[in-house]
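Participant: I'd like to go over a predicted model; first the sequence, then the structure.
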Amino acid sequence: MNHPAPRGTDEPVQQPGPASAPGIMPGHRGRRRLAALGLVGGLALLTACGQDDEVPEGETQAPDPAGAEHAVAAAAAGAERAASYGFDAAGFMPKESRDYYREQMTDPFEERQALEVTPAECADPLLADGWSPLLLETDAARVDFAAQTFAGQGSLEVAPLENQDDRDRAQEYQQAVEELIASCSEVEFSTDDGDFVLEISEPELQADLPDTTAFVWERRAAGAESPAGTETAQILFTPQDDDVVMVSFMGESAAGSEEFTQIAEAITEETLAALGETTDD
């Protein structure tokens, strides 16, 4: 299948946290600081020079990426596929940043209960959707990537499923997404940042990914008369054997397009293939 190259604007922006969480958690303003864990800090850079290259005098060696060996290898294969579409500024999250990320993305239950959601029955699946594989207590890997032609950021997470609890958590996430798609296509919610409208849809997949759960969300300020400030994301979530893969794009409206569906599919396929190779070894 031929995949088109991405298009967009000329200034990529940093996006924190999982794209699966559309700014719904109370106090999520503080999570904006997680942008520091993106391409400009805390990441073991993959581009410009190889990881084994000699470090120039006066520069610091990038930390080793977090993740089990097979997860890092699969994520690297996916990142290489992303680079073929122009997402060639990429880097892995190191362990220290992964631990901080997990700490910052864990909310007290009482804070979650304070979220105002309309329709009310969409609150539970919406909150359950604010999760990503990196939050499993396993040796997960994450790589982020950006392109000069897209105002936003992509990410790829690969996490081992070590026990039944991990598998159940992954299944719960898929069930929450499916419930949102089926019953909560438009949701209004309020946080300390204001009132928002969230639209959720299901992209049409062309690749052979029968176990993949995919969705697109678009978040805008309630009552907004222009698209300015609107955020869009597309997420593909795929379990395979004892691992799970999540590919996300978040930023400008192009992130939700068919074009980006095809890019995300290609990255997912490459990552799954690499995982299959490690399983066969």
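Facilitator: Thanks, I have the structure now.
Participant: Can you tell me how far the most centrally placed residue in the chain is from V117?
Facilitator: Taking C-alpha atoms, centre = their mean, the centroid of the chain lies closest to S248, which sits 3.8 Å from it. From S248 over to V117 the distance is 22 Å, taken as C-beta to C-beta, to the nearest Å. Every residue, glycine included, has its C-beta placed from N, CA and C.
Participant: Check D242 too.
Facilitator: Distance of D242 to V117, given as C-beta to C-beta: 34 Å.
Participant: same question, A221
Facilitator: 16 Å.
Participant: out of the two, which sits in the busier spot?
Facilitator: Neighbour count, other C-beta atoms under 10 Å: between A221 and V117, V117 has more, with 19 against 15.
Participant: excluding its backbone neighbours, what's nearest the more buried one?
Facilitator: Nearest residue to V117, sequence neighbours excluded (C-beta to C-beta, 6 or more residues apart in numbering): A123, at 4.0 Å.
Participant: Can you say which helix or strand has that neighbour in it?
Facilitator: helix 123-128 (DSSP states H and E).
Participant: Tell me how far that helix lies from the chain's centre.
Facilitator: 17 Å (C-alpha atoms, centre = their mean, to the nearest Å).
Participant: Let me see the mean pLDDT of that helix.
Facilitator: Mean pLDDT, computed over helix 123-128, is 86.
Participant: Which strands or helices does the next helix or strand after it pack on?
Facilitator: Sequence-wise, the next helix or strand downstream of helix 123-128 (DSSP H and E) is strand 141-146. Packing partners of strand 141-146 (3 or more C-beta pairs under 8 Å, 6 or more residues apart in numbering; DSSP states H and E): helix 69-83, strand 89-92, strand 152-160.
Participant: right, and those - which one's nearest A273?
Facilitator: For A273, the closest of those is helix 69-83, at 7.3 Å, according to C-beta to C-beta.
Participant: quick one: contacts of the closest one?
Facilitator: Helix 69-83 has contacts (C-beta atoms under 8 Å, 6 or more residues apart in numbering) with 46-47, 65, 67, 87, 90, 92, 139-143, 145, 154, 156-160, 243, 245, 247, 263, 266-275, 278.
Participant: Buried by neighbour count: which residues of that helix qualify?
Facilitator: 70-83 (16 or more other C-beta atoms under 10 Å).
Participant: How far off centre is it?
Facilitator: Distance, stretch centre to chain centre, for helix 69-83: 14 Å (C-alpha atoms, centre = their mean).
Participant: what is the mean pLDDT for it?
Facilitator: 97.
Participant: So the residue lying closest to G86 once chain neighbours are set aside versus S84, what's the distance?
Facilitator: Once flanking residues are discounted, G86 sits nearest to A147: 4.2 Å by C-beta to C-beta, 6+ apart. As defined by C-beta to C-beta, A147 lies at a distance of 11 Å from S84.
Participant: So the two - more neighbours on which side?
Facilitator: Taking other C-beta under 10 Å, A147 and S84 do not tie; A147 has more neighbours (22 against 14).
Participant: List phi and psi for that one.
Facilitator: Note on A147: backbone dihedrals following degrees, to the nearest 10 are phi -140, psi 150.
Participant: isn't it right next to Q153, touching?
Facilitator: No - judged on C-beta atoms under 8 Å, A147 makes no contact with Q153 at a distance of 9.0 Å.
Participant: which regions of this protein lie under the pLDDT threshold?
Facilitator: 1-62, 106-114, 226, 279-281 (pLDDT under 70).
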